[in-house]
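S.K.: Provide a 3D model corresponding to the input given below.
(2 chains)
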Amino acid sequence: MLLTTHTTGIHFTDKMVEWTVLRKNRTGTEKMREETCPIPDGFFEQENAPLFPAEVLGHIHKQLRGIITLSLPSSCLLMRVLELPSTDPGELEGMIALQIDQISPFPVDQLTTSYEVLSKGENHSRVLAVAAPRKTVDQLGELFKEQGVYIRSLDAEILAWWSLLVAHADILCDGRMVLILEEHTEFSMIVVDDGVPVCFRSLELFHDFSDESVLAEIDEEIRYTLLSLETEYDHGSSCRMEVWSESELPDGLTDILNKISPDAVTLHRLNNIPSLAEGLAMRSAMRSRHHVELVPREWVELQRRRQILKFSMIASVAVLTLWLAVISITGTVFTFHKTAFNRVKKEAALYEEPAREAKEARAEMLSLEKYATRTHSALESLLEITEALPGSVEINSFDYSKGKAIRLRGSAPVKDPILDFLSRLGSSSLFDGIKDDKTALQLREGQRREGFSVTVLLPKSATEEQP
Amino acid sequence: MKMSRREMMIGVATLFTLLFGVTYWLGGSKIAEHREMREQKDRLTRQIELDKRILQEKEGWTERLAELQEQLPVYDRKVYVTGEIQKQIKRIADKNKLDFTKSRSDAEKRAGSLYELSVACDWEGELDALVHFLYEINEKGLRFDVRELSVRPDAKRAGILRGDMTIACAYRRAGEESPEN
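M.R.: Numbers count the residues shown, from 1 in each chain, chains lettered A, B, ... in the order given. I've put the predicted structure just below:
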């Protein structure tokens, strides 16, 4: 399946090319664009004129989107309604191939064939078998391809008209009805029995209403067709006739049609229903399995491959672009950070040496400050302890360590003066407090004495703190 | 070559994985390097801030250092400072009737233009002599600093104390300038 939601229908006559772009959405389809482009006067009259004025595509090909469907006029097609005893698609295909082979004046390998199921019974199908010369189809395909436009679908113009009429006209569900279609390149008839076509016939050979003999041939052709259908379908001779034309029909032709169908001939204008291009695009958007498709299988395969290649290219370019973007952004961020890092490194180097010198000066200053600080010197500490010492307490050892502590050991006859002494040391403003204070009974020279030991904390020198 | 949509998607996904995988494989070390660089940058930024603060205070330190250095004795490079200092300490002890029974000194240490020498002494004497010795040491200013002192009564002699002390001595050498000069 192709990855698209758009369909474009292209219809061309000898006067103009018209195209309609539809887009599928959740609610159905919406018309995105509908335009026409005139074909230069006398284009088809020139010698060896191509099937299609490809130059026109040069101007419009950017407007064509999604599945592109082109219609072939009935004059280019071999059409036959067949009653087949099967509903199986595989069997139908085989039967149609046989039938086409029998009725076609060309070998099957020179044709591209397809069919459309018109109605289906329990074990029976009414189908329209369609064949187009492969040469015509290939020429059209080449003309479009030269302009970079790839046809994805080839439909029958008369079937597009039929779809439009079913949707927008009053088709009888009971009885026979003859529809005559007339526009620039399409002059054909559809015979409908009980709402289902039983015959599609091109009258394009007789598309010259100015000649009396041609009008007579039209009369004969229509009568012959209806007569042959009567024998095949055994329907009553009366029928309603509806004529859909682009311009007013000549009186001579109207008289003929009135004679063929004396009950009722109704004239309609094709302008009152949507364009054929829209009908084509709609048929393409809503296509079912049993839908006429004259495009050769290899074209579809080619387009599928082109589309996959295109998506591969886009996806690869996107991945590479993303990769390049990631690499570029990462590279830029890395470079930016590297530059910032180098700048910081340079700045740090600028400060490093002066800061080192400053730190050395500070260290030297702090070393000297130790010498200058006398507040907690050994002498001051000794004096403070001596002053706090009660008369009955003896000091047995004094160990001073600057900026750390003084360890004292001593004794007294009783405990109370020791406790007073420790209390004074603890509350002294010179010291930071005392710790590990212990008292114990001692025997010295046969006498009982209270011994003690204590650690007096000295304030840490400010010079020992780090910046 | 026939390629389905599924194969195309797999191809693009493979291209994506390969491209980014190989890039990560090749550039993974750069990412670690970059992370380390960022950490180093943060460290350096903090160091710069610290250095700036240090430099802001440098002037105060150098002024104070110069002020303190003024008070230090200066010895010629050829002078045997250890002997000289031990003699000075001995003189002060003698003057204050404090006996130094033993003294020893460690190797001199240097911090910038400052030299330090540690002298450890065993001493004995009366409390009064010790107090006067310590007082005179204090009076010498930055030259000497008593770092450790232990005092114990002599068990055999009443009124006599003994112990040891460590005196830190600071000085400069002639011809050696301080860092900021």
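S.K.: Mind listing the residues bridging to the residue most central in space within chain B?
M.R.: In chain B, the residue lying closest to the centroid (C-alpha atoms, centre = their mean) is B:A111, at 7.4 Å. B:A111 has these beta-bridge partners by DSSP bridges: B:L114.
S.K.: For A:V191, which non-adjacent residue is closest in space?
M.R.: Using C-beta to C-beta, 6 or more residues apart in numbering or on different chains and skipping the chain neighbours, the partner closest in space to A:V191 is A:C199 (4.0 Å). Glycine gets a C-beta too; all of them are placed from N, C-alpha and C.
S.K.: pretty sure the one you found contacts A:M189?
M.R.: Yes: using C-beta atoms under 8 Å, A:C199 is in contact with A:M189, at 7.4 Å.
S.K.: The two: which is more packed in?
M.R.: A:M189 (23 against 20; other C-beta atoms under 10 Å in any protein chain shown).
S.K.: separation between that one and A:V214?
M.R.: To A:V214, A:M189 is 15 Å away according to C-beta to C-beta, to the nearest Å.
S.K.: again, but for A:T254
M.R.: Relative to A:V214, A:T254 is positioned 15 Å away (C-beta to C-beta).
S.K.: between the two, which one's more packed in?
M.R.: Using other C-beta under 10 Å as the criterion, A:T254 and A:V214 rank with A:V214 on top: 17 against 14.
S.K.: Now the more buried one: which helix or strand?
M.R.: Following DSSP states H and E, one finds A:V214 within helix A:212-233.
S.K.: can you list contacts of the helix or strand of chain B with the lowest mean pLDDT?
M.R.: Least confident helix or strand, chain B: strand B:109-111 with a mean of 83, by mean pLDDT, DSSP states H and E. Counting contacts by C-beta atoms under 8 Å, 6 or more residues apart in numbering or on different chains, the residues outside strand B:109-111 that touch it are A:E360, A:A363, A:E364, A:S367, B:Y115, B:E116, B:L117.
S.K.: Okay, helices next: where are they in chain A?
M.R.: Chain-ordered helices for chain A, with DSSP state H as the definition, fall at A:55-60, A:89-103, A:134-146, A:157-168, A:212-233, A:251-260, A:276-285, A:297-372, A:378-388, A:416-427.
S.K.: Let me know whether the last one sits next to chain B.
M.R.: No: using C-beta under 8 Å from any C-beta of the partner chain, helix A:416-427 stays clear of chain B, coming no nearer than 16.0 Å.
S.K.: Keeping just the C-alphas, turn stretch A:41-51 into CSV.
M.R.: Provided in CSV are the C-alpha atoms of stretch A:41-51 (Å, rounded to 0.1, in the frame of the first residue of the first chain):
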residue,chain,number,x,y,z
ASP,A,41,-5.9,25.1,-30.1
GLY,A,42,-5.3,22.5,-32.8
PHE,A,43,-3.0,20.4,-30.6
PHE,A,44,-4.7,17.1,-31.5
GLU,A,45,-5.1,18.1,-35.2
GLN,A,46,-1.4,18.2,-35.8
GLU,A,47,0.3,15.3,-37.6
ASN,A,48,1.5,12.5,-35.2
ALA,A,49,0.0,14.4,-32.3
PRO,A,50,0.7,12.6,-29.0
LEU,A,51,-2.1,11.2,-26.9
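S.K.: List the buried residues in it.
M.R.: Of all the residues in stretch A:41-51, those buried under the rule 16 or more other C-beta atoms under 10 Å in any protein chain shown are A:F43, A:F44, A:L51.
S.K.: Repeat that for stretch A:334-354.
M.R.: For stretch A:334-354, burial by neighbour count (16+ other C-beta under 10 Å) applies to A:F334, A:F341, A:V344, A:E347, A:A348, A:Y351.
S.K.: Kindly indicate which of the residues you listed lies nearest B:L19.
M.R.: When those are ranked by distance to B:L19 (C-beta to C-beta), A:F334 comes first, at 18.5 Å.
S.K.: Skipping its backbone neighbours, what lies nearest the closest one in space?
M.R.: A:F334 sits nearest to B:H34 (C-beta to C-beta, 6+ apart), 5.8 Å away.
S.K.: what's the spacing between the residue nearest to A:F106 when sequence neighbours are not counted and A:I39?
M.R.: Excluding the flanking residues, the one nearest A:F106 by C-beta to C-beta, 6+ apart is A:P133, at 6.5 Å. Per C-beta to C-beta, A:P133 is found 22 Å from A:I39.
S.K.: can you tell me the average pLDDT over the helix holding A:V214?
M.R.: Across helix A:212-233, the average pLDDT comes to 86.
S.K.: ok, now stretch A:138-145?
M.R.: The pLDDT scores in stretch A:138-145 average 90.
S.K.: For the helices of chain A, which has the smallest mean pLDDT value?
M.R.: Averaged per stretch, pLDDT over those is lowest on helix A:55-60, reaching a mean of 83.
S.K.: Counting neighbours, which of the contacts of strand B:109-111 comes out on top?
M.R.: With neighbours taken as other C-beta under 10 Å, the top of the contacts of strand B:109-111 is A:E364, carrying 23 neighbours.
S.K.: Now for chain B: which helix has the highest residue count?
M.R.: helix B:5-70.
S.K.: Measure how far it is from the centre of its chain, please.
M.R.: Relative to its chain's centre, helix B:5-70 lies at 31 Å (C-alpha atoms, centre = their mean, to the nearest Å).
S.K.: Remind me what that helix packs against, helices and strands.
M.R.: Helix B:5-70 sits against helix A:297-372, with contacts defined as 3 or more C-beta pairs under 8 Å, 6 or more residues apart in numbering or on different chains; DSSP states H and E.
S.K.: Which strands or helices does the helix it packs on pack on?
M.R.: Counting by 3+ C-beta pairs under 8 Å, 6+ apart, helix A:297-372 packs on helix B:5-70, strand B:109-111, strand B:114-125, strand B:144-153, strand B:161-173.
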